[in-house]
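Student: here is a sequence with its predicted model. Questions after.
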Amino acid sequence: MENTKMESCVAACETCVEACETCATENKGMAGMENCTELCNTCKDACNELITASKNNADNLDELCKKCEEACTACAAECEKHTDMEQCMKCADACRKCASACKAMLA
């Protein structure tokens with residue numbers, strides 16, 4: 001994998017982690033937001049896993065990148081349903097950008 005692509009992906013993951021954390025925290029305990037909170041936490045975990053693996057030059061970066069892309073895509077789709085919630089819109093945007101960066105890295 002190209003170094004610049006990896007750096008862009010890690011930066012997108014870091015932004016995504018922050019957005020997912022904020023979204024999950026603000027939506028925690030709200031009726032009807034359980035799936036959103038769960039997907040934000042899953043996405044955050046996948047991004048963190050990829051960030052850590054990239055710093056350790058792990059052998060399974062492609063696998064983790066694919067997992068991260070899938071988690072980000074699912075999270076974005078859920079957050080986009082909540083157009084009246086600013087944290088969800090910010091999270092969806094960060095997730096879409098992260099999924100795109102992961103896809104570029106795998107290309």
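Tutor: It's in. Residues are numbered from 1 along each chain as shown.
Student: so what's the residue of the chain positioned farthest from its centre up against?
Tutor: Distance from the centre of the chain peaks at Ala31, with 22.9 Å (CA atoms, centre = their mean). Residues near Ala31 by CB atoms under 8 Å, 6 or more residues apart in numbering: none. In this view, the C-beta of every residue, glycine as well, is placed from N, C-alpha and C.
Student: could you report the pLDDT at it?
Tutor: Looking at Ala31, its pLDDT reads 93.
Student: which element is it on?
Tutor: For Ala31, there is no helix or strand it lies in under DSSP states H and E.
Student: for Cys9, see how far away Asn56 is.
Tutor: Using CB to CB, to the nearest Å, Asn56 is found at 15 Å from Cys9.
Student: neighbour-wise, which of the two wins?
Tutor: Neighbour count, other CB atoms under 10 Å: between Asn56 and Cys9, Cys9 has more, with 27 against 9.
Student: can you tell me the element the more buried one falls in?
Tutor: Going by DSSP H and E, Cys9 is part of helix 3-27.
Student: now that helix: mean pLDDT?
Tutor: The average pLDDT within helix 3-27 is 95.
Student: packing partners of that helix?
Tutor: helix 34-55, helix 61-79, helix 86-106 (3 or more CB pairs under 8 Å, 6 or more residues apart in numbering; DSSP states H and E).
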